[in-house]
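1. mind folding the following:
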Amino acid sequence: MGLYGTIPGTLVDLPDLRYLLLTSNFIYGQIPVELGSLANLRGLFLEDNWLTGSPPPYGASLAGSLQTMYLYDNYLTGPLPPEWGQLSSLQYLAIGGNAIDGPIPQTFGNLSSLVYLDVSHNLLSGQFPNVFTTNTTPVLNELVVAYNQLTGTMPDGIWFLESFNFLSAPNNQFHGRLPDPDDAGWSLVEFEAYDNQFTGPIPKSFINSQLANIDLHQNYLSSSIPAGLFNCSQLTEFLIYNNFVTGTIPPLSNLSHLIYLDVGVNLLNGSIPASVVNATNLVDFNLLEGTIPSSFGRLTKVQELWMYGNYLTGSLPVDLAAATAMQQFEIDRNFLTGTIPVSYGNWSALTIFGGNSNRLTGTLPASFGHCVAFYSMVVNNNYLTGTIPAAFRTLAHIDYLSLYSNFLSGTIPDALLTNMTRLTSLWLYDNLLQGPLPRSLPQARALAQLYVQQNVLSGSLPATLAALSKLQYAMFYQNALTGTLPAAVFAAWPALEYFSIYANFLRGAIPATFAADTTSTATATDAATLLSLNFDQNYFS
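-> Got it, this is the predicted structure:
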């Protein structure tokens, strides 16, 4: 609405006021304590303003009327008032996104009508009080305590709440085991407690529950995934990455609604279950072995498929090309063999292809030129042969192109970098590339890292390279470059840190831009950014 100013204390002259709605304005100053005398007030909506000071200690005078109090996204400080425990009619309380400190008051266990409590994104500390139980807050449905500094263990009482659907407690300092009551009613639908210090096993009570979303990543959980966990037929998200979970991945055949699965960076082993056909983010950095299941060809809606850092063998399934929604495909650091299927060029939405450190053979698919959304292509440390496809010139959004340590040959396509105006890193070293540097290289004006060493490149360094004003790393060593070093080029590289051109066939003088020292440890004294220069094994005079 664009209102600006403070909340007048004279509102107490409106004894019949039931709702005060000042949401999303520019209201500043403190919330008047006097509003606590408005005995008929049912709703106080002051969220998304500039309010400061402490939360007002409203108590008994509003106990029979106030049902909703929204104070989130302001600049409130100080502790939560214990007096709020007297608000017996309060159903919805949201004070997240402030700078509230101190503990959650024990008196909140008296809020018998409470349905929704959000105290997230504050500075709350102390232990999570065991005051939310079937006897004290029987209708509590959602509890959000995320992004605070709460400590201690998770209280048992909340698991028995019959109407409890949503618990959000990430980014705190909770520790100990997650409660695992055998007779919990488990009405919980969403449970997120990532980025804490929980230990022990994943609760077996999750089995056959109504849970749809489970997010426990970045804790210290151990043991195996409970065998019956994936009987939760409504499960859509299961995230336990960055833990110490062991064992195998149970069959997921009952999870027809599964959308997002991440069990990466654990200690899992065994093979990838063929039944995993609805996941979007899968098993990265484990100890999984075997082949990529051919059933992955049914992943028609998958957007992210991560399997890097395992012991996977065999070839890339051709059938996977049917996953036309693919955006990120990561298979780095495995033992995969065979070729990259040409049909993967059907992934028109592909942004990241990571296949480095495998045993892939064959040529780079020219069909990747159809993936115009490409941001990163990393296939270094393989056994790829053939030439760099000229069709890659269409990759106008690419930022990182890494093809080093293969057996690529032929010339670098002259027009390769014509449209790569966003490219910051080009890694082509340790191949069999020959011929001159591509004429389109100066058009990659965002380039910071240029690694073309250890090839058979010839010709001279063109003066047009002066256009690469953001260049920090320039590695040309161990090629067959000839001619002289153009002084204007180096003067135009103010950010240059590392430059090496040793073991070529260059002649003439070293530009005055550099210090007159041609040893491998030469360092320019008139350029603050330069850290290393190497002109060895040339024919400089």
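2. check contacts around the closest residue to Leu471 other than its chain neighbours.
-> Nearest in space to Leu471, with sequence neighbours left out and distances taken as C-beta to C-beta, 6 or more residues apart in numbering, is Trp493 at 5.0 Å. C-beta here means a position set from N, CA and C on the backbone, and glycine is covered the same way. Contacts of Trp493 were listed using C-beta atoms under 8 Å, 6 or more residues apart in numbering, and they are Ala466, Leu468, Ser469, Leu471, Ala474.
3. what about 10 Å?
-> Each residue near Trp493 by C-beta atoms under 10 Å, 6 or more residues apart in numbering is listed here: 465-466, 468-472, 474, 499, 513, 527, 529-530.
4. strands along the stretch 151-300 of the chain, start to end?
-> Using DSSP state E, counting those that start in this stretch, the strands of the stretch 151-300 of the chain run over residues 166-168, 173-177, 190-192, 197-200, 213-215, 220-221, 237-239, 246-247, 260-262, 267-271, 287-290.
5. scratch that, the stretch 401-541 of the chain is what I was asking about
-> 409-411, 425-427, 432-435, 449-451, 456-459, 473-475, 480-481, 498-500, 507-508, 532-534, 539-540.
6. nearest to Pro56, out of the strands of the stretch 151-300 of the chain?
-> Distance to Pro56, taken as C-beta to C-beta, is lowest for strand 166-168 among those, at 25.6 Å.
7. so what does that closest one touch, helix or strand wise?
-> Identification of packing neighbours for strand 166-168 by 3 or more C-beta pairs under 10 Å, 6 or more residues apart in numbering; DSSP states H and E yields strand 142-144, strand 190-192.
8. just the pLDDT for Pro32.
-> Looking at Pro32, its pLDDT is 95.
9. pretty sure it contacts Gly9?
-> Yes - the pair Pro32 and Gly9 passes the contact test of C-beta atoms under 10 Å, sitting 4.4 Å apart.
10. quick one: low-confidence residue ranges for the stretch 401-541 of the chain.
-> Regions of the stretch 401-541 of the chain meeting the criterion pLDDT under 70 cover residues 513-528.
11. closest to Pro81 out of the strands of the stretch 401-541 of the chain?
-> strand 425-427 (54.1 Å).
12. ok, residues contacting that closest one?
-> By C-beta under 10 Å, 6+ apart, strand 425-427 touches 376, 378, 380, 398-405, 412, 416-417, 420, 441, 444, 446-452, 473, 475.
13. check which residues of it are buried.
-> Under the neighbour-count criterion of 16 or more other C-beta atoms under 10 Å, strand 425-427 has Ser425, Leu426, Trp427 buried.
14. now stretch 422-439
-> Going by neighbour count (16+ other C-beta under 10 Å), the buried part of stretch 422-439 is 422-431, 433-438.
15. could I get the helices and strands packed on strand 166-168 as a markdown table with distance to Tyr241, mean neighbour count and mean pLDDT?
-> Putting those into a markdown table (distance: least, C-beta to C-beta, whole Å; neighbours: other C-beta atoms under 10 Å; pLDDT from 0 to 100) gives the following:
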| stretch | distance to Tyr241 | mean neighbour count | mean pLDDT |
| --- | --- | --- | --- |
| strand 142-144 | 22 | 20 | 96 |
| strand 190-192 | 13 | 20 | 94 |
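16. possible to save these as CSV with distance to Ala99?
-> Putting the helices and strands packed on strand 166-168 into CSV (distance: least, C-beta to C-beta, whole Å) gives the following:
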stretch, distance to Ala99
strand 142-144, 17
strand 190-192, 23
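17. so which residues of this protein form helices?
-> Remark: helices assigned in the chain by DSSP state H are 487-491.
18. in PyMOL, how would I select just the buried ones from the contacts of strand 425-427?
-> To isolate the buried members of these in PyMOL, using 16+ other C-beta under 10 Å:
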select buried, resi 376+378+380+398+399+400+401+402+403+404+405+412+416+417+420+441+444+447+448+449+450+451+452+473+475
